[in-house]
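> give me a 3D structure for the following:
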Amino acid sequence: MEPSRYGPFPYKPINRRPKLKWPNGARVAVWIAPNLEFFPLDEPIPGSRYSYTPEVSSWSQRDYGARIGVFRIMEVLSKRNIRATCTLNSEVCDAYPEMIEDGVALGWNFMGHNQSNSRPFHSTPPDGDRQLIKDVLNRIEKSTGKRPRGWLGSGLQETWNTLDYLKDEGIEYVCDWTNDDQPYFMTVGDNKLVSLPYSTEINDLPQFRAGRSNDEFERMIRSQFDTLYEEGEDSARVMAICLHPFVIGVSHRIGVLKSALDYIREHDDVWFATAEEIVDAWLVSDATF
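Numbers count the residues shown, from 1 in each chain. Here you go, the predicted structure:
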């Protein structure tokens, strides 16, 4: 992608698009996105107040999510017959193989999410980005048995070349561009990628880091759903619920996820889908743009 003043896609406001319809008349497609991440103990941890290593406090908090929190999320979702789409650091495959084993058994989807969240693209030498993407996708494919079709950059970061490299490696959809409630096409040279709505708002890490209470975060989820559900009667919407096992997976917060999901499930015309299912349905709809 060449440097430009606007993104690699057309500006198409919501009131000038074809009407989107989901399968079975669903107003909202809801996808659950647990971020399965690895933070090496011998590298600085993004978001920590300290840059030294080992930073035991922040590292231990994140490791709790891998030892306990993610399995709480798995239980909550499996009891409600909801399949997640994980954003996956490839180093998780080596550090926490049992996590991958259980996710595969549950039928979860896996997206590429860099090697480690301690190393976003802008800390990688420019000539190393292409190989990094290839290595991430190869490692996830070997571990899960399926090559990822989607990508979320760690920290939602890209360089000017990222989309080109992703397309070259067979990626079909990207979630870094959090600027819409519906999918849309991105132009990558002579090819296209789908931008799938993700969220930095309905996302436990930034909200609890900003001091939100359990009740406030649950109200945010409900309020966003209510708005999208109302709007979706006219033209369907996508809602991502973005989670981190070390945040929502702690014992005093997991009830927020249970309650919010049960509220959404009380409504008719809601489609709990994987990211791949949403992309596939959009691609065969009459509302692509």
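> now the strands for the stretch 1-150 of the chain?
28-36, 85-88, 109-112, 150-151 (DSSP state E, counting those that start in this stretch).
> adjacent strands (with direction) for the second one?
Neighbouring strands of strand 85-88 in its sheet, by DSSP bridges, are strand 28-36 (parallel), strand 109-112 (parallel).
> can I get the ones you listed in CSV with distance to residue 98, mean pLDDT and mean neighbour count?
C-betas here are computed from N, CA, C, even on glycine. Formatted as CSV, the strands paired with strand 85-88 follow (distance: least, C-beta to C-beta, whole Å; pLDDT from 0 to 100; neighbours: other C-beta atoms under 10 Å):
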stretch, distance to residue 98, mean pLDDT, mean neighbour count
strand 28-36, 12, 98, 26
strand 109-112, 15, 98, 26
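> so which of those strands comes closest to residue 288?
strand 28-36 (14.9 Å; C-beta to C-beta).
> and that closest one, C-alpha only, in CSV?
Taking Å, rounded to 0.1, in the frame of the first residue of the first chain, the C-alpha atoms of strand 28-36 are listed here in CSV:
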residue,chain,number,x,y,z
VAL,A,28,-26.9,-8.4,14.4
ALA,A,29,-24.0,-10.8,13.9
VAL,A,30,-22.1,-11.1,17.2
TRP,A,31,-18.6,-12.5,17.3
ILE,A,32,-16.6,-13.2,20.4
ALA,A,33,-12.8,-12.4,20.1
PRO,A,34,-10.6,-13.7,22.9
ASN,A,35,-7.1,-12.4,22.5
LEU,A,36,-4.7,-15.4,23.2
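> next one: that strand to chain centre, how far?
Distance of strand 28-36 from the chain centroid (C-alpha atoms, centre = their mean, to the nearest Å) equals 6 Å.
> with stretch 128-135 instead?
20 Å.
> also stretch 82-100?
Relative to its chain's centre, stretch 82-100 lies at 12 Å (C-alpha atoms, centre = their mean).
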